[in-house]
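Chemist: mind folding the following:
(chains A and B)
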Amino acid sequence: DSGVTQTPKHLITATGQRVTLRCSPRSGDLSVYWYQQSLDQGLQFLIQYYNGEERAKGNILERFSAQQFPDLHSELNLSSLELGDSALYFCASSGGLNGGPLDTQYFGPGTRLTVL
Amino acid sequence: TQLLEQSPQFLSIQEGENLTVYCNSSSVFSSLQWYRQEPGEGPVLLVTVVTGGEVKKLKRLTFQFGDARKDSSLHITAAQPGDTGLYLCAGDLVYGNKLVFGAGTILRVKS
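Modeler: Residues are numbered from 1 along each chain as shown, chains lettered A, B, ... in the order given. Purely as a prediction, here's the structure:
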């Protein structure tokens, strides 16, 4: 158990819909990262928040957005869903700002999103 | 095209055999990490290598970072069924935030 929790575990929805994925970081961790894992693209970094502020952006679509709340939990919002958005979405947390080699990222168990 | 090329994509071996997984790139990384992921779970960090030429050992696992910091390898000695899983390498292009992952190597160790 990494200490990172994600809800829901599974989500099935239809094209065009909007969903919200939730992540609670490990106690005391200030950084939250979101990743998407699919068969064709592998594991891809989407976005990082540190203490409520956006710190880094990766391959995140404009239809996707995220935020980190004062209690440090984070939500990833996916809108106008397409079939290709079906994937595993992971949240990770770390204690520091940089996420560098001295700052281990701990991954949650993921949310499996299926868009029909 | 993946920035980090992992090979092989799939490996099925008998218990007790040795194996090596490779992670190659034309880019230089400030650090490189290896993760193992099991079905239904998130990746778990195994090791981080930072210095070119660095070798780290974790029980039966040996990790090496290339001298030019463009490649890495993971060697497992006397593989066991418990080693089964997806092995991912991830590189940090800029010190900090954006990890780039390889496509992964699926390892199956048969008893």
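Chemist: what helices or strands is the helix or strand of chain A with the lowest mean pLDDT leaning on?
Modeler: The weakest-scoring helix or strand in chain A, judged by mean pLDDT, DSSP states H and E, is strand A:53-57 (a mean of 91). On a contact count with 3 or more C-beta pairs under 8 Å, 6 or more residues apart in numbering or on different chains; DSSP states H and E, strand A:53-57 meets strand A:42-50. Just so you know, the C-beta spots here come from the backbone N, C-alpha and C atoms, and that holds for glycine as well.
Chemist: quick one: residues contacting B:Gly104.
Modeler: A:42-43, B:6, B:9, B:37, B:86-88 (C-beta atoms under 8 Å, 6 or more residues apart in numbering or on different chains).
Chemist: an error on my part: the question was meant for B:Lys110.
Modeler: Contacts of B:Lys110 (C-beta under 8 Å, 6+ apart): B:12-15, B:81.
Chemist: again with A:Thr13
Modeler: Per C-beta under 8 Å, 6+ apart, neighbours of A:Thr13: A:19, A:81, A:113-116.
Chemist: where does pLDDT dip in chain A?
Modeler: Along chain A, the parts satisfying pLDDT under 70 run over A:96-102.
Chemist: let me fix that: chain B
Modeler: B:1, B:94-97.
Chemist: in it, which residue sits closest to chain A?
Modeler: The minimum distance from chain B to chain A, using C-beta to the nearest C-beta, falls at B:Gly42 (2.9 Å).
Chemist: and the residue nearest to that residue when sequence neighbours are not counted, how many neighbours does it have?
Modeler: Nearest residue to B:Gly42, sequence neighbours excluded (C-beta to C-beta, 6 or more residues apart in numbering or on different chains): A:Phe107, at 2.9 Å. Counted with other C-beta atoms under 10 Å in any protein chain shown, the neighbours of A:Phe107 add up to 22.
Chemist: just checking, A:Gln36 touches A:Ala87?
Modeler: Yes - the criterion here is C-beta atoms under 8 Å, and A:Gln36 meets it with A:Ala87 at 5.0 Å.
Chemist: list the contacts for B:Leu11?
Modeler: With contact set as C-beta under 8 Å, 6+ apart, B:Leu11 has these partners: B:19, B:21, B:105-108.
Chemist: no further questions, thank you.
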